[in-house]
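Visitor: pasted the sequence and its predicted model underneath.
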Amino acid sequence: MHIKKLVAPIVITFILLMYYGFILFNLIRIPESLGIRILLLVLPLGFMGVSVFVLVERIKEIRSGDEDDLGKY
């Protein structure tokens with residue numbers, strides 16, 4: 001079963017999403033102009049998207065059974 005191998009990536013991704021969500025929530029409250037606020041919001045949103053993408057790729061890798069990438073070289 002691959003469930004034990006999936007727990008750590010899912011937990012870490014959840015923690016990262018909570019962290020970036022907290023940052024996003026606090027950046028929304030900044031009383032700056034709309035342009036500066038949008039620029040500041042792009043980074044956490046980008047990091048959240050990348051975190052989910054990496055999680056999906058890791059789940060695919062675990063399910064395919066191709067975990068030892070260094071063995072190819």
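Guide: Nice, I can see it. Numbers count the residues shown, from 1 in each chain.
Visitor: other SSEs contacting the longest helix seen in the chain?
Guide: If you go by DSSP state H, the chain has its longest helix at helix 34-64. Counting contacts by 3 or more C-beta pairs under 8 Å, 6 or more residues apart in numbering; DSSP states H and E, helix 34-64 is packed against helix 3-28. Yep, even glycine has a C-beta here, placed from its N, CA and C like the rest.
Visitor: taking helix 34-64 as reference, get the angle to the helix it packs on.
Guide: Counting by axes from the mean of the first three to the mean of the last three C-alpha atoms, to 10 degrees, helix 3-28 points 180 degrees away from the direction of helix 34-64.
Visitor: next one: helix 3-28 to chain centre, how far?
Guide: Averaging C-alpha positions (C-alpha atoms, centre = their mean, to the nearest Å) puts helix 3-28 6 Å from its chain's average.
Visitor: likewise stretch 29-37?
Guide: Per C-alpha atoms, centre = their mean, the centroid offset for stretch 29-37 relative to its chain is 24 Å.
Visitor: got the CA positions of that stretch in CSV?
Guide: Presented in CSV, the C-alpha positions along stretch 29-37 are these (Å, rounded to 0.1, in the frame of the first residue of the first chain):
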residue,chain,number,x,y,z
ARG,A,29,-5.6,43.9,5.0
ILE,A,30,-2.7,46.2,4.0
PRO,A,31,-4.0,49.7,3.4
GLU,A,32,-1.9,50.3,0.3
SER,A,33,-3.0,51.1,-3.2
LEU,A,34,-4.7,48.4,-5.3
GLY,A,35,-1.7,48.0,-7.6
ILE,A,36,0.7,47.3,-4.8
ARG,A,37,-1.7,45.0,-3.1
